[in-house]
Every structure is written in C-alpha cells, then in structure tokens.
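A.B. asks: Provided below are the primary sequence and the corresponding predicted coordinates.
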Amino acid sequence: MKGIPLWLRVVVLVAMLIAILAAITFVPAHGQPRQEPILTTGIKGAIGVAATLHVCGVIDEAGKTNAELVLLQIDTPGGLLSATRDLIQCILGSSRPVVVYVAPSGARAASAGTYIAQAAHVAAMAPGTHLGAATPVALGLPSPVSPQDRRPEDKDKQPQAPGAVDQKVINDAVAYLKGLAQLRGRNAEWAELAVREAATLTASDALKEKVVDVVAEDADDLLRQLDGRVVMLAGKETRLATSSAVRIAMEPDWRMQLLATISDPNVAFVLLLIGVYGILYEFWSPGAIVPGVVGGISLLLALTALSVLPLSYGALALVLLGIALMIAEAFVPGVGILGIGGLTAFVIGAIFLFDPRGADFDLRIAWPVIIGTAATTVLLSAGVLASVIQVRRRKPVTGAEEMIGLVGDIVTWHDRSGSIHVHGEVWIAKGDCTLKPGDPARVVRRDGLTLVVEPATAA
C-alpha cells in the first residue's frame, strides 16, 4: 500500500462505503427477495365502460410497476357486451397475473361476470357466492328449466328451440366461454352448460367441478392460499409470492366516477331531457342564459353517456318527435291529437331507447323515470299553451295595432277629416262623425298614416 497514492486510497475507501450502503438499502432483511406490491380494485354492479377503463388502467399500471398481481373483486349481474369483451382482452393481454375474486358473501358473478372469472389467471370465490347463468338474455329466449323443475303439465312438452340467428349467438357464446375455460385449464363442459342451460354453481360446487381454483373466506385468506401457487403467464410458469405483499387499493378517479354515474340509462335519459328543455327555453326567452348553459352542459353529458351505451336511434327519434309534437300542440289548433300522439311516441321511445342486444342484463329505463319525464313534458306543453293564450289576449304594444283603442284630442276638424293628437304625436284623422277641436276621440283603426276615429263617448 506504500506505493499507492493517498488520493487513490481515499477513492477506493469511498467506493467501498457506497457499495456497502447500496447493499444495505436495496437488499431486504434476512436475505429475502424484494416483495412487489399487489394492486387491488373492484367492480360492484353492472359492468360498463367506466369499470372497464378503470380495471384496464389498473392492469396497465401493474405491468409498468411490475406488481405481483392484480386482485379484482367483483359482484355483478352482468354488463355491456362490448365493455365485457374489452375487459377480458385486457386480462388476457396482461403482463402480470390477474386474480378475480367473487366476494363478499352473497355476491355473484352472473353472465358477464362468469366470462371475466374464467378469463382470470386465478378464479376465486367466497363462501355464499355463486356464478353462472351465462346465456345471452338479449335473445328474448325463455329461461331454461331443468327437467326436475318442470311443472307436471309441462313434463311432456319439448322446450322451444331457438331460431337460426339465436342459435348462432348461443354457439358463439359457448365457444367463447369454453375457450376461456380451456385456456386456464378449467371445466369446459360446465362452461357449455352455463350458456346453453343457464347453469349456476355455488362456491363449494364450483371448486368441486374445477370451475374456480380457490374458495377463500376473505382477501387475507385468499392471499395466504395463493402464496407459492404457480400460474401460467405468457406461456411461462410464474410462482406467486403473496404472503407478505403490500396491498395498494386502486380507486377510480373522479372522471371514471362521473362516467359511471352518467352512463346509467336513467341518468343519461334525464340529462338528455334537461338538455333539450334548457335549449328550447333559451330559444323562447333569449338572454335568460342560465337555462341555455345548464341545458348545453346536460346535453353534452347525455351525448357522452349515450355514446357508450347501446342506443337505439329509432327510439331516440321517437322521444324527440314526441317532445316536438307535445310542444306543437300549443301552437296548432286542434283537439289534442298532436299531444296524444306526442305522448305515445315519447313513452314508446323511452321504453325501447336502449338496444337490449348490447347487454346481458336488464338494460332499460325505469318506469318511474318514464312516467315522471312524460308528465313533466306534458306540464311543459300545457305551460307553453297557457303562455300562448295569454299572449294572444294581451293588448298589442307595438305596430299598427298598438294605436287601436287609444284616446286623443282633436286638433283640427273639417268635413269629417282633420288631425288628432294621440300618443304624443299629431296624426291625420278621419271619421263618419262631427267633431270640433278639443273633443276627445278614440282610434278605431289605422289606414296607412291616417287614423280612423270616433267620438270617445261612443260605445
């Protein structure tokens, strides 16, 4: 060491200290490998575009941060078909394992939820939950009934066979769900029954039938059971380490919450009507500002929501036509035919506004909302009619008609013609009467720039 310069020895010592500090900082205690976090999120209710965007965002974040896995807890009756397929594509393309957990007790993964559970790398359920009933309900087919549940009088009746188009949709759904089950090594035969016969399973039966992989009491129990489990990820075996992983809850931001709120069919319908009413009021009363601003914002929000919902454009046209007819009733003389027709078109359009083929759950506007909005539109039309009648009865305040009925003083008069001072002006006047200057006279009508008058004391 005597031949080594002092400055070089100092550099070597500093480098050794830096290496020791780095080892202490980046190597966990007991020589264990660093534990990656678990990203958790959930879906409660119908699966829509907002839920899909949020979950896909969490899956992308898991890939960027190299998270241990994504834990998706679901409780859903179904969802939009397009949103469900997009969500499944995100799960299948995920670079990190995705665990779908049907929880808490009493929850379900019906219809679209069954497809999502089968697409997951690990499918888990809590006791007291169920999944299945994956038949496309939008077909309008009768619900399948098992032979033991049939009524005695229906024992000899054969179930109605679906049409050719319906059979194609069912076969497509069967192939889709069986493909997901086979991909994850689960019971593909039951997957076919879930579509063709709307079969359902409880948590314990699903585990027994190899439809799900784990039954866990809660999330802690689930992670304990998953620790050390091997899953296939992108064709390679990946061992999960979940015993002491830190869980990070990924909540939807305000944009996703807003989209989830307005994409509810009832909310979207009400926003649409508020937008139409607000803009119409602004046209009727220019300068009111507030109705126009509120109506414009509501209409834009409604259009945003309708763009992600399976909208029936024919039904939307019926709704708008119904509003137009009910308002036109106030301006067109008649016996209420336009109003009755408009109310009928409005209700029918509201009932069929959303295409049921775009979802596998009951996607429709609630009857109280339809009745309430229809009554509001009728009251609005009645208000417009009352305003029109009031305006027609009101004395004109501008134009030639404004002069009719005014009383003025005769300025000059000779041989049934002369001049009159009325409304602060002197006009040429005529009339079949005898008057003299200073007499009061009433305007009967106006002929160009000449006023036809009569004595003010006349009836």
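C.D. replies: Yes, it's here.

A.B. asks: going by C-alpha atoms from here, please, whenever you check contacts or count neighbours.
C.D. replies: Will do.

A.B. asks: what is the mean pLDDT for stretch 311-328?
C.D. replies: Mean pLDDT, stretch 311-328: 88.

A.B. asks: could you pull up the residues touching the residue most central in space within the chain?
C.D. replies: The chain has S263 as the residue nearest its centroid, 0.9 Å off, counting by Cα atoms, centre = their mean. When contacts are counted by Cα atoms under 8 Å, 6 or more residues apart in numbering, S263 touches G48, A305, L306, V308, L309.

A.B. asks: SS state for L451?
C.D. replies: Classification of L451 by DSSP: H, G, I helix; E, B strand; the rest coil places it in strand.

A.B. asks: three-state assignment of the nearest residue to it once chain neighbours are set aside?
C.D. replies: Excluding its sequence neighbours, the residue lying closest to L451 (Cα to Cα, 6 or more residues apart in numbering) is A429, at 4.7 Å. With three-state DSSP as the basis, A429 sits in strand.

A.B. asks: give me the neighbour count for A429.
C.D. replies: Other residues lying near A429 total 25 when counted by other Cα atoms under 10 Å.

A.B. asks: same check, this time on W254
C.D. replies: With other Cα under 10 Å as criterion, W254 counts 9.

A.B. asks: for A62, see how far away it is.
C.D. replies: W254 sits 20 Å away from A62 when distances are taken as Cα to Cα, to the nearest Å.

A.B. asks: cool, V214 as well?
C.D. replies: 22 Å.

A.B. asks: residues contacting the nearest residue to D432 once chain neighbours are set aside?
C.D. replies: Spatial nearest neighbour of D432, chain neighbours left out: R416 (6.0 Å); criterion: Cα to Cα, 6+ apart. Taking Cα under 8 Å, 6+ apart, we find R416 in contact with K430, G431, D432, C433, T434, L435.

A.B. asks: what's the neighbour count on the closest residue to A456 other than its chain neighbours?
C.D. replies: Setting aside the residues directly before and after it, A456 is nearest to A441 in space (Cα to Cα, 6+ apart), at 4.4 Å. Close neighbours of A441, defined as other Cα under 10 Å, add up to 25.

A.B. asks: what about the helix or strand hosting A441, distance to the chain center?
C.D. replies: With secondary structure defined by DSSP states H and E, A441 is part of strand 440-447. Here strand 440-447 is found 63 Å from its chain centre; the criterion is Cα atoms, centre = their mean, to the nearest Å.

A.B. asks: what bits of the stretch 51-200 of the chain have low per-residue confidence?
C.D. replies: 137-165 (pLDDT under 70).

A.B. asks: cool, the stretch 251-400 of the chain as well?
C.D. replies: Using pLDDT under 70, the flagged stretches of the stretch 251-400 of the chain are 330, 333-335, 360-362, 384-400.

A.B. asks: where along it do the helices fall?
C.D. replies: Assigned by DSSP state H, counting those that start in this stretch, the helices in the stretch 251-400 of the chain fall at 254-262, 265-284, 290-307, 313-328, 337-351, 367-393.

A.B. asks: with distance to V122 added, can I get the ones you listed in TSV?
C.D. replies: Listed next are the helices of the stretch 251-400 of the chain as TSV, based on distance: least, Cα to Cα, whole Å:
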stretch	distance to V122
helix 254-262	26
helix 265-284	33
helix 290-307	33
helix 313-328	40
helix 337-351	40
helix 367-393	40
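
A.B. asks: among the contacts of S263, which two are most distant?
C.D. replies: Using Cα to Cα, the contacts of S263 span at most 12.1 Å, a distance reached by G48 and L306.

A.B. asks: neighbour count winner among those two?
C.D. replies: The residue with more neighbours, out of G48 and L306, is G48; 24 against 21, by other Cα under 10 Å.

A.B. asks: list the contacts for that one?
C.D. replies: G79, L80, A83, T84, A260, S263.
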